[in-house]
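Peer 1: any chance you can model this:
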Amino acid sequence: MQSCEVAGNRGIPHGNSSRHPDSSTNISHRLFPNSQVHFPFHLFSPNASSLSTEDGAREYQPSIADDKRLRRMISNRESARRSRMRKKQQIEELQSQVDQLQTINRELSQKLINLLENNHEILQENAQLKERVSTLQMVLADVFTPMRNLEGTSLEHKSAS
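Peer 2: Have a look, this model is predicted:
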């Protein structure tokens, strides 16, 4: 039975290293000493199911192709991990921008409401002032009409005399 060792966020099965000393952890540490990912090399062998010869059990020696495949697999996993991290960071930055823009939008909406209310109040005040001007013009017309009549009669008297 294979055990499962956690590398990163995933459980990766690896073979019994006592059965295959160059498999799994030893080779992955030899190829990528700083990597936390461990691989079961013996599972990638073309003859993985038959690790013994007619003479008896022999130790499995990974081929160059297996080493390249392992390096590529480790590189791909690391690249995918970095890609996921970049995507997560981009999403967080975009969410931050969304939050900022929503805040600005709320502020501008409130400002617009305030301006519309002020505009409505000013229009009402302007209508009241126009009505007042009209009323005052009528009052002045009423006041000046008798005075014009008086001036007209006094001029007639002066010209008649």
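
Peer 1: distance check, residue 132 against residue 144.
Peer 2: Plainly put, residue 132 is 18 Å away from residue 144 if you go by C-beta to C-beta, to the nearest Å. Backbone N, C-alpha and C define where each C-beta goes, glycine included.

Peer 1: can you check residue 93 too?
Peer 2: Taking C-beta to C-beta, one finds residue 93 at 74 Å from residue 144.

Peer 1: one more: residue 107?
Peer 2: Distance from residue 107 to residue 144, by C-beta to C-beta: 54 Å.

Peer 1: any regions of this protein where pLDDT drops low?
Peer 2: Along the chain, segments meeting pLDDT under 70 span 1-62, 152-161.

Peer 1: helices of that one, residue ranges please.
Peer 2: 25-31, 64-160 (DSSP state H).

Peer 1: now tabulate those in CSV and tack on mean neighbour count.
Peer 2: As requested, those are arranged in CSV below (neighbours: other C-beta atoms under 10 Å):
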stretch, mean neighbour count
helix 25-31, 16
helix 64-160, 10
